[in-house]
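>>> my questions concern the predicted model and sequence given below.
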Amino acid sequence: MGKATTCILAIESSCDDTSAGVILDGVVLSNIIASQAIHAKYGGIVPEVASRMHQENISLVVDTALKEANVALDELDAIACTTGPGLMGSLTVGLSYAKGLALSLEIPFIAVNHMRAHVLSHFIDDPKPPFPFLCLTVSGGHTQVVLVKGNDDFEVLGQTLDDAVGEAFDKSGKLLGLPYPAGPLIDKMAKLGEPRFKFPIPQIEGLDFSFSGVKTAIMYFLRDETKKDSAFIEKNINDICASIQHTLVEILTRKIIIAAAQYGIMEIAIAGGVAANSGLRDKLTSLSKEYNWNLYFPAMQYCTDNAGMIAMAGYLQYQAGNFSSLNTKPYVRGM
């Protein structure tokens, strides 16, 4: 490859996926993800295990990303890396690796906010949403409605007060006896069922979310029904999944309807791992026709945690001359 105008290596290690990718002049050339299946046996992410697995995976993932992009280390112009939010141990592995590489190559280091990167994943492929737009960012750790006015101009309008929606999916699945992560399985089973069981919609003021009450209602519902019939879950699993998904999607979409009307915005984007949920996609597609919204979804590979979105965020920061100190520290929370 000839010398590029801007070539950046990106690293993502905020939770349990080790990912590396390369972007060349705004085009993502590689996006390699190593997932950690080991957490399934624990029913959730074990932070200490996650950080150790990142240490084992990161060199190979970076090497594979560079080879797939056909890029050599001396062709890189900068190293971008997730700095937060996320698990402190996991973030530290990626951040230490990225800063060490930037220092050894004598090129700039770019600290990237994980949540902003989810939003900016919409600029990897066409069509790209015009500013301003609303982004519903939904994942295992976060649920937010964000007003996006520019590449570096974000305003969080609402966020979860307790559990994130992805966590609500996974915890509900655990109550049903489903393996972790349960979200994709609930989505799959929901397609085979009907949402005939009713769960409460939290009445939270403004644009904030709450999912803990729904989770508790599901727990008590299953407890009461299995007392009557020990095989209740097995007999009704598809309908239960459909009902859970319908309720969680309803909570999310009601807030987007309010936000779009309140701010007079017709450009609606969705990002994060739960953006892959078919029930949410179908509901938003239906609402977009009803309200004349222009709807934007990232490609599936850019929904879950990935380095492609970190690469795009890093590229935009590079273009703006927004570089970071090698003293940058990881952080657990923050937009």
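Structure received.
>>> my guess is Gly84 meets Glu12, correct?
No - in this structure, Gly84 sits apart from Glu12 without contact. The criterion is C-beta atoms under 8 Å, and the distance is 11.6 Å. Every residue, glycine included, has its C-beta placed from N, CA and C.
>>> what do these two both touch?
Both Gly84 and Glu12 are in contact with His114, where contact means C-beta atoms under 8 Å, 6 or more residues apart in numbering.
>>> who has more neighbours out of these two?
Applying other C-beta atoms under 10 Å to Gly84 and Glu12 shows that Glu12 carries more neighbours, namely 31 against 22.
>>> in the sheet, who's paired with the more buried one?
For Glu12, the beta-bridge assignment (DSSP bridges) gives partners Ser19.
>>> and it, what's its pLDDT?
Per-residue confidence (pLDDT) for Glu12: 97.
>>> so which helix or strand takes in Ser32?
Check again: residue 32 is Ile, not Ser. Assigned by DSSP states H and E, Ile32 belongs to strand 27-34.
>>> show me what counts as buried in that strand.
Burial within strand 27-34, assessed by neighbour count using 16 or more other C-beta atoms under 10 Å, is assigned to 28-34.
>>> can I get those in CSV with pLDDT and distance to Ser51?
Listed next are the buried residues of strand 27-34 as CSV, based on pLDDT from 0 to 100; distance: C-beta to C-beta, whole Å:
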residue, pLDDT, distance to Ser51
Val28, 98, 26
Leu29, 98, 28
Ser30, 98, 24
Asn31, 98, 22
Ile32, 97, 19
Ile33, 95, 17
Ala34, 91, 14
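>>> residue contacts, Gly272?
118, 137-139, 142, 166, 303.
>>> please tell me how far the closest residue to it other than its chain neighbours sits from Cys303.
By the measure of C-beta to C-beta, 6 or more residues apart in numbering, the closest residue to Gly272 outside its immediate chain neighbours is Ser139, 3.7 Å from it. Shown here: Ser139 relative to Cys303, a distance of 9 Å by C-beta to C-beta, to the nearest Å.
>>> mutual contacts of the two, please.
Both Ser139 and Cys303 are contacted by 272-273, under the criterion C-beta under 8 Å, 6+ apart.
>>> which secondary structure state does Glu194 sit in?
For Glu194, the secondary-structure state derived from DSSP: H, G, I helix; E, B strand; the rest coil is coil.
>>> how about the host helix or strand of Ser96: buried residues?
For Ser96, the element it lies in under DSSP H and E is helix 88-105. Buried residues in helix 88-105, counted by 16+ other C-beta under 10 Å: 89-95, 97-99, 101-102, 105.
>>> same question, stretch 299-314
If you call a residue buried by 16+ other C-beta under 10 Å, then stretch 299-314 has these buried ones: 302-314.
>>> need the three-state assignment for the nearest residue to Val138 once chain neighbours are set aside.
Leaving aside its sequence neighbours, Val138 sits nearest to Val274 (C-beta to C-beta, 6+ apart; 3.8 Å). With three-state DSSP as the basis, the three-state label of Val274 is helix.
>>> ok, now which ones touch Val274?
By C-beta under 8 Å, 6+ apart, the residues touching Val274 are 138-140, 165-166, 169, 183, 280.
>>> by neighbours, which of these wins?
Across the contacts of Val274, the neighbour count under other C-beta under 10 Å reaches its highest value at Phe169, namely 30 neighbours.
>>> so it makes contact with Leu178?
No - the pair Phe169 / Leu178 is not scored as a contact, 9.8 Å apart, by C-beta under 8 Å.
>>> name the residues contacting each of the two.
Common contact partners of Phe169 and Leu178 (C-beta under 8 Å, 6+ apart): Ile186.
>>> let me see the contact set for the residue nearest to Gly272.
When contacts are counted by C-beta under 8 Å, 6+ apart, Ser139 touches 118, 164-166, 272-274, 305.
>>> and those residues, which two are the farthest apart?
For those, with distances taken as C-beta to C-beta, the pair at the greatest spread is Val165 and Asp305 (15.4 Å).
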